[in-house]
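J.: build the 3D model from these lines:
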Amino acid sequence: MTRSARRTRRTLQVAGAGAAALLALSACSSSDNSSDTSKSSASTGSSKKLSGTVTVFAAASLKESFTTLGREFEKAHPGTKVTFNFGGSDTLAASITGGAPADVFAAASPKTMAIVTDGNAVGTPTTFVRNQLEIATLPGNPDKISSLKDLTKSGLKVVLCDKTVPCGAAAQKALDASGLKLTPVSYEQDVKSALTKVELKEADAAVVYKTDVKSAGDKVEGVEFPESAEAVNDYPITLLKDAPNAEAAKAFIALVQSPEGQKVLTAAGFLKP
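T.: The predicted structure follows:
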């Protein structure tokens, strides 16, 4: 073989090796990118872009924490909007069964959730938090309330939630457990209304949730009572059957149940399920 031919052969061999190396590098890079994309999809839970409005019907006691989670959801999913209807769970349940359009229902008790689950829910509702009662008094507790029994004092203006509302049913359960009878000056349709009576000094005390006492800050003072352990409420959440925006609703429920969502809820005073 001539010297010129040998040089040509070596040149072709080097070029071939370089091409092979480039192909291997490209394949490796493609594999890495694929892996990164897979990891990204896994971390977000879905590669599908969410959009539109998610309508959430939720117990009044969830107002502060769900509002925070709604903002987080909108930030994580540009193009979405979370709207809330907060109120007494029984009233919300009646609205849903009456045909009100909603994607998600979060109730303050399994009993009120049961009103909508028959034909209106998708799957089995999941308990995502629990809540316990506390007495809300005027700042400084001027009436020296230290127990559930103290609420029966003559002349004391006490407010309870209506017995059909989860906080009212829980309060009645606690009263029954202690053998006490209490006649309030009013029954309120949701826990925020009961709390507001004390904040406005229209009542001396109210039996509400610990989370509501905490959210009120220095507007009220909280008094724990042992009978509350007999009436801890489970909070279930569900996707509704005719949800207008089911995909985004599923993602919102996932956020509520996620470690990030649970962190917001426990910070508000809710108990873990």
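
J.: which other helices and strands contact the strand or helix carrying I135?
T.: According to DSSP states H and E, I135 maps onto strand 133-137. With contacts defined as 3 or more C-beta pairs under 8 Å, 6 or more residues apart in numbering; DSSP states H and E, strand 133-137 has these neighbours: helix 166-178, helix 191-199, strand 205-209, helix 210-216, strand 221-223. For glycine as for every other residue, the C-beta is placed from the backbone atoms N, C-alpha and C.

J.: export these to CSV and tack on mean pLDDT?
T.: Shown next, in CSV, are these (pLDDT from 0 to 100):
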stretch, mean pLDDT
helix 166-178, 95
helix 191-199, 97
strand 205-209, 98
helix 210-216, 96
strand 221-223, 98
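
J.: nearest to G70, out of these?
T.: Nearest to G70, of all the helices and strands packed on strand 133-137, is helix 210-216, at 15.8 Å by C-beta to C-beta.

J.: give me the nearest residue to S178, chain neighbours excluded.
T.: Spatial nearest neighbour of S178, excluding adjacent residues (C-beta to C-beta, 6 or more residues apart in numbering): E227 at 4.7 Å.

J.: in a strand, that's where that neighbour is, yeah?
T.: No - assigned with DSSP: H, G, I helix; E, B strand; the rest coil, E227 falls outside any strand and is helix.

J.: doesn't N131 make contact with V208?
T.: No - with contact defined as C-beta atoms under 8 Å, V208 does not reach N131; the gap is 9.8 Å.

J.: neighbour count winner among these two?
T.: Shown here are V208 and N131; by other C-beta atoms under 10 Å, V208 has more neighbours (34 against 30).

J.: list the contacts for the more buried one?
T.: Shown in contact with V208 (C-beta atoms under 8 Å, 6 or more residues apart in numbering): 133-136, 161, 167, 191, 194-195.

J.: and with 10 Å instead?
T.: Counting by C-beta atoms under 10 Å, 6 or more residues apart in numbering, V208 touches 60-61, 131, 133-136, 159-161, 167, 170-171, 188, 190-195, 197-198, 215-216, 220, 222.

J.: and T183, by the same measure?
T.: T183 touches 152, 158, 160, counting by C-beta under 10 Å, 6+ apart.
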